[in-house]
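Student: quick one, what's the 3D model for this:
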Amino acid sequence: MTRADALTTGTETADAVVVGAGHNGLVAANLLADQGWSVRVLEASDGPGGATRTEEITAPGYLSDLGSAFHPMGIASPVLQGLDLGSYGLEWSHPHEPLAHVTSDDRGVLLSRDVDVTAASVERFGAGDGDVWRRLADEWQRLADPLMHAFLGPFPPVKEAARTLRTLGGPDALRLARRMLLPAVRFGTEEFRGEGARLLIAGNALHTDLNVTQTASTAFGWLLSMLAQDVGFPVPAGGSGMIAESLAARLRARGGTVECDRPVTRVLVESGRATGVIDAAGGVVRARRAVLADVPAPLLLRDLVGIEHLPARLVDDLARFQWDDAILKVDWALSGPIPWTAPEPRAAGTVHLGGDIADLVDFGADLDAGRMPRNPFMLLGQMTLADPRRSPPGTESVWAYTHLPHDREHTDAELDEQVRRMTALIERHAPGFEGRVVARRVSRPRDLQAHDPSLVRGALMAGTAQLHQMLVFRPTPGLGRPDTPVDGLFFSGATAHPAGAVHGAPGANAARAALARAGRLGRVYAAGIRAGHRLVYGAADERGRVLAGR
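Tutor: The predicted structure follows:
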């Protein structure tokens with residue numbers, strides 16, 4: 001039946017409807033299709049991928065990733081590994097080295113997949129730091145498998161936490177937990193004598209919206225640093241869009257559909273259960289078993305569901321939801337490689353620019369105060385270095401982004417000045433950079449949101465990674481699970497545990513929850529979820545009426 005037929009003859013149906021064709025929504029759809037479910041994915045934009053899309057936006061022949069670009073979590077993800085996406089076109093490409101950080105005095109520290117190379121690089125900044133780095137890398141090799149499964153699996157990760165405990169033993173497991181809660185600056189001073197290794201950890205922490213003096217910033221800085229050491233910072237050959245394309249191809253091979261240019265405007269809720277969706281044209285798709293939404297929680301619950309279907313305490317919690325930082329991104333088409341003065345960034349796909357530890361502390365303080373950072377910290381990607389297919393031979397496709405305060409408006413003059421600062425910072429460490437610019441595209445926070453409505457003011461992680469909005473607090477205080485208070489409706493995007501990055505875990509967790517709800521013990525499962533929600537939100541008849549205006 002075609003869509004036109006459905007609109008004239010009645011309602012379309014499927015076992016599951018997935019709202020949003022971001023990579024998490026597509027992962028969820030694939031896992032349901034693997035179990036024989038009929039699945040329809042409805043996407044508002046003109047193509048799948050969300051923040052994993054690739055287009056020519058600077059000059060012909062130059063490919064730019066519109067959102068995520070380097071994917072250490074993706075190549076290491078047990079979820080994506082289990083989908084065999086290589087059979088559907090996904091191929092990983094590695095730069096010569098994963099990452100470099102350039103200091104204010106134009107020295108570089110290199111994070112290589114060869115631990116001896118990394119150790120030698122950090123040793124130049126502090127005697128003995130190379131041995132400390134080797135110790136951390138050895139420890140990671142013992143912990144990587146249980147930790148990745150614990151981080152990316154359903155909450156609570158009882159089985160994988162037990163594996164980690166057995167691997168380390170109780171005393172060392174306690175010390176690891178302490179380490180994860182440390183601010184990145186504190187971890188660096190406890191472990192290393194020089195700034196080289198400290199900057200690698202701190203710079204990787206800034207891939208999130210955590211500043212380097214905040215609790216748990218070490219968890220992300222250490223995790224990304226060890227992943228870079230272990231699996232690298234690879235890119236999908238041909239662009240990040242290949243992740244979504246391979247997921248969509250796999251889904252179609254199993255009978256699922258992806259329908260683009262079909263925005264959903266409402267989730268149907270009947271007798272407390274999600275029963276389907278309505279699109280912008282008034283078309284109805286009924287879901288026999290589940291609705292899964294790769295949409296941030298505030299947009300899903302307030303806009304698509306409606307507060308009349310939600311407990312009052314949840315509505316209040318949604319009013320307190322914190323987005324992560326806004327993002328200002330610039331893409332360049334260059335006539336040749338960036339002419340770095342330091343040798344380390346010439347080999348690295350990802351480059352951190354923004355000075356030394358004191359500069360990174362100041363950067364975070366500016367963001368916390370709601371100021372435009374005077375000295376921006378930048379993440380820069382040399383995409384052709386990582387994947388020769390990204391631009392014509394001898395040229396380079398480059399992007400860089402920096403964080404901005406989220407909860408304030410940014411004037412055009414402020415954004416223009418910040419782009420000028422970003423460009424000047426590259427020029428400072430690579431004299432002649434501006435002379436190689438063939439074309440440029442600036443993506444302001446509102447531009448990122450216009451491309452992907454889930455990127456509210458350019459928030460890439462669908463909500464802060466600060467501890468008060470992670471684990472059982474993500475997206476709001478609750479159970480840490482993808483189940484919503486509306487029966488049969490599941491969070492399948494980065495707004496849910498375990499948050500952002502391209503690893504597919506939120507989608508996989510949502511699919512598992514939907515399968516459990518529809519399974520043989522589904523009534524028992526639903527009763528357990530309802531009991532948990534009663535504990536968190538109170539009586540079922542306390543709806544969001546009184547707090548609607550917050």
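Student: for the stretch 401-550 of the chain, which segments count as helices?
Tutor: For the stretch 401-550 of the chain, applying DSSP state H, counting those that start in this stretch gives helices covering 412-429, 445-451, 505-518, 522-537.
Student: do the same with the stretch 151-300 of the chain
Tutor: Using DSSP H, counting those that start in this stretch, helices in the stretch 151-300 of the chain cover 158-168, 170-181, 184-191, 195-205, 217-230, 241-253, 297-298.
Student: which residues outside the second one are in contact with it?
Tutor: Under the criterion CB atoms under 8 Å, 6 or more residues apart in numbering, residues 143, 164, 165, 168, 187, 215, 216, 218, 219, 222, 467 lie in contact with helix 170-181. All C-beta atoms are positioned from the backbone trio N, CA, C, and that covers glycine.
Student: pull out the buried members of those residues.
Tutor: Using 16 or more other CB atoms under 10 Å as the burial test, the contacts of helix 170-181 include 143, 164, 168, 187, 216, 218, 219, 222, 467 as buried.
Student: touching, the fifth one and residue 210? I think so.
Tutor: In this case it means residue 216. Yes: with contacts counted by CB atoms under 8 Å, residue 216 reaches residue 210, the gap being 6.8 Å.
Student: for residue 511, give its distance to residue 482.
Tutor: Per CB to CB, to the nearest Å, residue 511 is found 9 Å from residue 482.
Student: circling back to that earlier point, so which of the helices of the stretch 151-300 of the chain gets nearest residue 349?
Tutor: helix 217-230 (9.9 Å; CB to CB).
Student: against which helices or strands is that closest one packed?
Tutor: Where contact means 3 or more CB pairs under 8 Å, 6 or more residues apart in numbering; DSSP states H and E, helix 217-230 is packed against helix 72-76, strand 97-102, strand 108-111, helix 129-152, helix 170-181, helix 184-191, helix 195-205.
Student: point out where the stretch 251-400 of the chain drops to low pLDDT.
Tutor: For the stretch 251-400 of the chain, no stretch is flagged by pLDDT under 70.
Student: which pair of the buried ones among the contacts of helix 170-181 spans the longest distance?
Tutor: Maximum pairwise distance in those, criterion CB to CB, is 21.7 Å, between 168 and 467.
Student: next SSE downstream of the helix or strand bottoming out on mean pLDDT in the chain?
Tutor: Counting by mean pLDDT, DSSP states H and E, the chain has its least confident helix or strand at helix 3-9, which shows a mean of 40. Downstream of helix 3-9, the next assigned helix or strand under DSSP states H and E is strand 12-19.
Student: I'd like the average pLDDT over the next helix or strand after that following strand.
Tutor: Remark: after strand 12-19, the chain's next helix or strand is helix 23-34, criterion DSSP H and E. For helix 23-34, mean pLDDT rounds to 98.
Student: which strands and helices sit next to helix 23-34?
Tutor: Helix 23-34 packs on strand 12-19, strand 39-42, helix 241-253, strand 284-293, helix 505-518, going by 3+ CB pairs under 8 Å, 6+ apart.
Student: what's the angle from it to helix 505-518?
Tutor: Relative orientation of helix 23-34 versus helix 505-518 (axes from the mean of the first three to the mean of the last three CA atoms, to 10 degrees): 40 degrees.
Student: just checking, residue 188 touches residue 201?
Tutor: Yes: taking CB under 8 Å as the definition, residue 188 is a contact partner of residue 201 at 5.6 Å.
Student: what sits against the closest residue to residue 426 other than its chain neighbours?
Tutor: Nearest in space to residue 426, with sequence neighbours left out and distances taken as CB to CB, 6 or more residues apart in numbering, is residue 433 at 5.0 Å. Going by CB under 8 Å, 6+ apart, residue 433 touches 334, 338, 339, 423, 426, 427.
Student: now with 7 Å, please.
Tutor: Residue 433 makes contact with 338, 339, 426, 427, according to CB atoms under 7 Å, 6 or more residues apart in numbering.
Student: over to residue 146?
Tutor: Residue 146 makes contact with 160, 163, 164, 167 under the criterion CB under 7 Å, 6+ apart.
Student: per-residue pLDDT of it, please?
Tutor: 86.
Student: next one: it from residue 166, what distance?
Tutor: 9 Å.
Student: next: residue 404.
Tutor: 44 Å.
Student: between these two, which one's more packed in?
Tutor: residue 404 (25 against 11; other CB atoms under 10 Å).
Student: which residue comes closest to the more buried one once chain neighbours are left out?
Tutor: Computed as CB to CB, 6+ apart, the closest residue to residue 404 that is not its neighbour in sequence is residue 326, at 4.2 Å.
Student: also residue 152?
Tutor: Distances taken as CB to CB, 6+ apart put residue 505 closest to residue 152, at 3.9 Å, once the chain neighbours are dropped.
Student: what's the pLDDT at that neighbour?
Tutor: 94.
Student: ok, it to residue 77 distance?
Tutor: Counting by CB to CB - residue 505 and residue 77 are separated by 7 Å.
Student: list residues touching both of those two?
Tutor: Common neighbours of residue 505 and residue 77, using CB under 7 Å, 6+ apart, are residue 152.
Student: the two: which is more packed in?
Tutor: Set side by side, residue 505 and residue 77 show more neighbours around residue 505, with 27 against 22, by other CB under 10 Å.
Student: phi, psi for residue 433 please.
Tutor: phi -60, psi -50 (degrees, to the nearest 10).
Student: report how many residues lie close to residue 112.
Tutor: Using other CB under 10 Å, residue 112 is surrounded by 22 other residues.
Student: just the pLDDT for it.
Tutor: The predicted structure scores residue 112 at 97 on the pLDDT scale.
Student: for it, what are its contacts?
Tutor: Contacts here follow CB under 7 Å, 6+ apart; on that basis residue 112 touches 97, 98, 118.
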